[in-house]
Structures are given as structure tokens and as C-alpha cells.
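Trainee: Okay, structure incoming, though there's no sequence with it:
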């Protein structure tokens with residue numbers, strides 16, 4: 001590399017390793033546990049956990065190969081990495097008959113493959129005495145697929161009744177009845193059965209796996225920039241996800257067809273069937289209606305969000321030292337000031353596990369049910385040394 005002036009650093013690397021993962025497991029989860037209670041003023045002892053003596057940690061085998069580089073004397077730097085990870089003894093909460101007194105038991109259900117690309121870059125566009133400007137970004141492309149289910153099972157439904165695990169599909173792929181629109185003559189809701197025929201009779205047995213639709217984003221990452229001139233500094237950081245789907249209970253409840261009349265509705269709920277020939281509308285509104293879980297409420301939650309923008313000024317030292325101050329920096333910061341939501345997600349598209357969404361803790365990002373949205377915040381302050 002001695003004669004390659006534009007290339008400062010080039011590092012090739014590769015690794016392979018195994019690890020165990022116990023995320024989702026609690027202490028003694030393989031054992032039958034008993035608790036104490038009271039019935040008719042008598043002390044009782046009752047089972048509080050189903051035993052699973054075969055329970056183990058997940059086992060992961062990860063391989064990756066990558067390159068780190070610096071160009072033009074460090075003005076451009078970054079990395080590019082490809083990874084391939086096999087998971088066996090996949091942990092999953094499996095529903096059980098409630099006649100057992102329980103709703104689920106955690107088991108090792110199968111095997112999963114994750115592969116993808118991680119990339120990052122940083123560019124010093126301007127690097128002078130009084131002014132600097134840098135831009136940076138990172139992206140992750142991830143593709144996962146269930147490769148095996150143990151015990152000859154074809155698929156395993158999740159606890160929330162929204163998705164399933166099946167070989168050949170991404171983990172937690174949504175499994176829902178497909179909404180077919182509105183009968184333009186009667187205003188009745190229509191659905192697709194398992195065979196694709198249109199029916200006005202809803203049946204949860206017509207739910208099918210929706211290939212390519214899961215809570216897992218296809219791309220995610222962030223990017224930003226920073227400009228500095230004679231003590232004035234402006235920086236902004238963006239975050240994004242692309243291709244993840246979320247079941248939106250907010251929309252199901254607030255854009256109802258009449259069965260949610262006791263709850264204040266969104267303006268969108270006014271767009272319902274009123275006369276024969278109406279199309280692209282909600283079904284005919286009636287308090288006797290029942291709103292079912294269908295893919296009508298499954299939404300693409302892709303977004304780009306300006307997470308943070310900061311403007312600051314650091315006073316020159318020749319001024320601050322007159323007052324025995326080593327440094328003085330004043331700043332203003334704004335958070336969550338702009339969100340680009342190209343798929344028109346109903347509510348905040350940045351979905352994790354909300355404060356009142358305990359049912360989603362097993363699969364973060366799968367659904368949203370009145371989780372507190374990200375707040376827009378403004379902060380002003382000073383740092384004095």
C-alpha cells in the first residue's frame with residue numbers, strides 16, 4: 001500500500017463463533033412451580049408454571065466477513081460487513097389449551113437463519129481551520145427465515161393471535177384474515193376465505209400467513225451531519241426503518257364501523273358506506289357491527305425521523321478566561337421535530353413496547369395499542385467549566 005496515496009487503511013476481517021442466548025427466559029423456567037393463595041379463608045397451594053424439563057438456551061452460530069477502510073488521509077472512513085447467523089433451539093412462547101389453567105409454555109421450537117449486511121460511512125466534506133463539515137450514516141439489511149420446526153409441526157401460532165412461525169417464512173410473519181372491502185350495494189364488510197373466495201362471513205379459520213409482512217424491518221439505521229464554524233455548531237441526526245409491518249389496534253378502535261360508538265372516533269371513521277354504489281369506504285356503520293382483526297389494520301410502519309437537532313455556540317477562550325471560565329457553551333436542542341411517514345401510518349410509526357402494551361412484550365414492534373407516542377421536546381442550556 002506504500003504507493004497508494006488515496007488509501008490510508010484497509011483491514012480485512014472474518015470471525016466465527018457460537019454463543020448461547022437466554023433472552024426471554026426467567027429463573028427456574030424449566031420447572032413446575034407452585035404458589036400460595038387463599039380460598040374460602042383457607043390456605044391453598046396451586047401450580048403457577050408448567051414444567052418443561054427439555055428447555056435449553058438458544059444456540060447461535062455466527063459467521064461474518066468484513067472490511068474497514070480509510071481514504072484520503074482519513075477524510076473518508078467506514079466499514080462493510082456480511083453476516084450469516086444460524087439459531088437452533090429457537091425459544092418461543094407456544095399457546096396451550098386454557099383447560100390446563102395456563103395460556104402458554106416456552107419451548108425450543110425450531111431453527112432460524114439470519115443473514116444480512118451492515119455498512120457505515122463517515123465523510124469529512126470540509127476540514128479547514130475555522131470550518132468543518134462532516135456527514136455520516138449507517139444501514140443494516142437483514143433477512144431472516146425459519147428453517148425448521150421440531151416435532152413435525154407445520155406452524156406454531158403466537159400468543160397474540162396475530163402471527164405464526166413456519167419454515168420458509170420470516171419469524172413472526174403475520175397470520176390474518178384478509179379484508180376484501182365493502183359490498184357496494186349493501187355496505188357489508190367482505191373478507192377472503194382461505195381459498196381466496198370473497199365472503200361476508202368472518203371466520204378466524206380463514207387466516208393465512210402474509211408472506212413478506214412481519215414486524216422485522218428490511219432496512220434500518222440512521223444518518224446525520226455536523227457543521228462547525230468559529231464556535232457555532234449545528235448537528236442533526238435521523239433514524240429510519242423500512243419494510244416493517246405493525247398491527248394497529250389504534251386504527252381498529254378509533255376508525256370503527258359503529259361498534260365503538262362509546263369511544264371518541266377519528267375523523268377517518270366518517271368515511272363509511274351511506275348509499276348503493278359507494279366504494280373505497282368503510283362498511284355500513286351500525287352499533288351491532290363487530291370489528292374483527294384483519295389485514296385492514298396491518299400497516300407498513302416505514303418512517304424517517306429527525307431525532308435530534310442541536311445548535312450551539314462556544315464562546316472564545318480569550319473572552320471567557322477574563323471571567324475565570326475555562327469554557328462556556330450555550331445550546332438549544334430539539335427532539336422528534338420531523339417525521340416522514342410515506343405509508344400514512346395511523347399514529348406514531350415508531351413502535352416498540354408501549355406503557356400499556358404488556359401483551360406485546362414477547363414480540364416488540366408487532367402491535368400498537370395506545371402506547372405513549374414519542375414527544376417533541378425542546379431543551380435550552382449552558383455548559384460551563
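Mentor: Sure, I can see it. The structure displayed is predicted, hence computed values, not measured ones.

Trainee: how many other residues sit next to residue 367?
Mentor: A total of 27 residues lie near residue 367 under the criterion other CB atoms under 10 Å. Yep, even glycine has a C-beta here, placed from its N, CA and C like the rest.

Trainee: ok, for it, nearest residue in space, not its chain neighbours?
Mentor: Counting by CB to CB, 6 or more residues apart in numbering, residue 247 is the residue found nearest to residue 367 once chain neighbours are left out, at 4.2 Å.

Trainee: Direction included, what does the one helix or strand that neighbour maps to pair up with?
Mentor: Applying DSSP states H and E as the criterion places residue 247 in strand 245-248. Sheet neighbours of strand 245-248, with direction, are listed as strand 298-300 (antiparallel), strand 367-368 (parallel) (DSSP bridges).

Trainee: So what touches stretch 154-173?
Mentor: Defining contact as CB atoms under 8 Å, 6 or more residues apart in numbering, one finds that stretch 154-173 is touched by 90, 92-95, 103-104, 109-110, 112, 143-149, 174-176, 204, 209-216, 247, 293, 359-360, 362-363, 366-367.

Trainee: Ends of that stretch, what's the gap?
Mentor: The stretch stretch 154-173 measures 14 Å between its terminal residues, going by CA to CA, to the nearest Å.

Trainee: now that stretch, how far from the centre of its chain.
Mentor: Using CA atoms, centre = their mean, to the nearest Å, we find the averaged C-alpha position of stretch 154-173 to lie 16 Å away from the chain's own average C-alpha position.

Trainee: Do me a favour and average the pLDDT over that stretch.
Mentor: The pLDDT scores in stretch 154-173 average 90.

Trainee: Return the set of buried residues in that stretch.
Mentor: Residues of stretch 154-173 classed as buried by neighbour count (16 or more other CB atoms under 10 Å): 156, 158-160, 162-166, 169-173.

Trainee: all strands for the stretch 251-385 of the chain, in order.
Mentor: In the stretch 251-385 of the chain, the segments counted as strands under DSSP state E, counting those that start in this stretch are 298-300, 303-314, 328-340, 367-368, 377-384.

Trainee: Surely residue 253 and residue 263 touch.
Mentor: Yes - Residue 253 is within contact range of residue 263, at 6.2 Å (criterion: CB atoms under 8 Å).

Trainee: Of the two, which one has the most company?
Mentor: Neighbours per residue (other CB under 10 Å) separate residue 253 from residue 263, with residue 253 holding more: 17 against 9.

Trainee: residues in contact with the closest residue in space to that one that isn't next to it in sequence?
Mentor: In space, not counting the residues next to it along the chain, residue 253 is nearest to residue 260; the distance is 5.6 Å by CB to CB, 6+ apart. Contact analysis of residue 260 by CB under 8 Å, 6+ apart lists 253, 254, 291.

Trainee: Next: residue 259.
Mentor: With contacts taken as CB under 8 Å, 6+ apart, residue 259 has the following neighbours: 286, 287, 288, 289, 290, 291.

Trainee: Where does the prediction get shaky in the protein?
Mentor: The chain contains residues with pLDDT under 70 at 352-362.

Trainee: where do the helices sit along it?
Mentor: Counting by DSSP state H, residue ranges of the helices within the chain are 249-254, 317-320.

Trainee: quick one, which of these is nearest to residue 343?
Mentor: Set against residue 343 and scored by CB to CB, the helices of the chain come closest in helix 249-254, at 12.4 Å.

Trainee: Tell me how many other residues surround residue 230.
Mentor: 11.

Trainee: before we move on, what about residue 252?
Mentor: One way to gauge burial is a neighbour count; for residue 252, by other CB under 10 Å, it gives 19.

Trainee: Kindly report the same for the one 3 residues further on.
Mentor: Residues contacting residue 255 under the criterion other CB under 10 Å number 22.

Trainee: contacting residues for it?
Mentor: The neighbourhood of residue 255, defined by CB under 8 Å, 6+ apart, consists of 265, 266, 268, 269, 282, 346.

Trainee: is it true that residue 21 touches residue 61?
Mentor: No - using CB under 8 Å, residue 21 is not in contact with residue 61; the gap is 11.6 Å.

Trainee: Quickly list what's touching both of the two.
Mentor: Contact with both residue 21 and residue 61 is made by no residue, according to CB under 8 Å, 6+ apart.

Trainee: Show me just the buried residues among the contacts of residue 259.
Mentor: 289, 291.

Trainee: Quick one: end-to-end length of stretch 150-168, please.
Mentor: Criterion CA to CA; first-to-last residue distance in stretch 150-168 is 14 Å.

Trainee: related to what we said a few turns ago, just send the strands of the stretch 251-385 of the chain back as a markdown table, with distance to residue 351 too.
Mentor: Listed next are the strands of the stretch 251-385 of the chain as a markdown table, based on distance: least, CB to CB, whole Å:
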| stretch | distance to residue 351 |
| --- | --- |
| strand 298-300 | 10 |
| strand 303-314 | 10 |
| strand 328-340 | 13 |
| strand 367-368 | 5 |
| strand 377-384 | 19 |
